[in-house]
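A.B. asks: Predicted model follows, preceded by the sequence.
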Amino acid sequence: MAGHLEGSSEIQEGSFPNDEKMQKYGNLLFLLQSEPRHIAHLCRLVNMAECDSLLQTVMFTLYGNQYESREEHLLLTMFQVCTAISVPYTSKTN
């Protein structure tokens with residue numbers, strides 16, 4: 001994946017990407033929005049200073065429609081997964 005992204009040509013300033021690139025970008029955004037676990041795992045890979053900025057960007061771009069219950073549910077799911085990843089579950093044994 002990284003090799004594919006690195007091999008892509010740079011977009012010139014003032015020009016628009018072609019339809020294929022726009023379709024791939026749209027698919028990526030849809031995947032990130034509909035599968036919040038990907039963003040949650042990404043939060044684990046960045047340091048705390050970067051995590052705040054990342055979460056702010058995610059909240060306002062991927063889940064910015066505060067009146068849509070689907071986006072609210074996905075955002076809460078993302079936070080739930082973030083919490084579950086950062087605080088491992090410990091079971092009590094007697």
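C.D. replies: That came through fine. Owing to the predicted nature of the structure, the values given are computational and were not obtained by experimental measurement.
A.B. asks: now the longest helix along the chain: how far from the chain's centre is it?
C.D. replies: For the chain, the longest helix by residue count, based on DSSP state H, is helix 69-86. Here the centre of helix 69-86 is set off from its chain's centre by 11 Å, with Cα atoms, centre = their mean, to the nearest Å.
A.B. asks: For that helix, buried residues please.
C.D. replies: 71, 74, 75, 78, 81, 82 (16 or more other Cβ atoms under 10 Å). Glycine gets a C-beta too; all of them are placed from N, C-alpha and C.
A.B. asks: How about stretch 29-47?
C.D. replies: Neighbour-count burial for stretch 29-47 [16+ other Cβ under 10 Å]: 32, 33, 36, 39, 40, 43.
A.B. asks: So what touches the longest helix of the chain?
C.D. replies: Applying Cβ atoms under 8 Å, 6 or more residues apart in numbering, the set of residues contacting helix 69-86 from outside is 33-34, 36-37, 39-41, 43-44, 58-59, 62-66.
A.B. asks: Would you mind checking the average pLDDT for that helix?
C.D. replies: Helix 69-86 comes out with an average pLDDT of 84.
A.B. asks: for stretch 16-23, same thing?
C.D. replies: In the prediction, stretch 16-23 has an average pLDDT of 85.
A.B. asks: Can you name the element that comes right after the host helix or strand of residue 43?
C.D. replies: In this assignment (DSSP states H and E), residue 43 forms part of helix 37-45. Once helix 37-45 ends, the next helix or strand along the chain (criterion: DSSP H and E) is helix 48-61.
A.B. asks: list the buried ones in that following helix?
C.D. replies: 51, 55, 58, 59.
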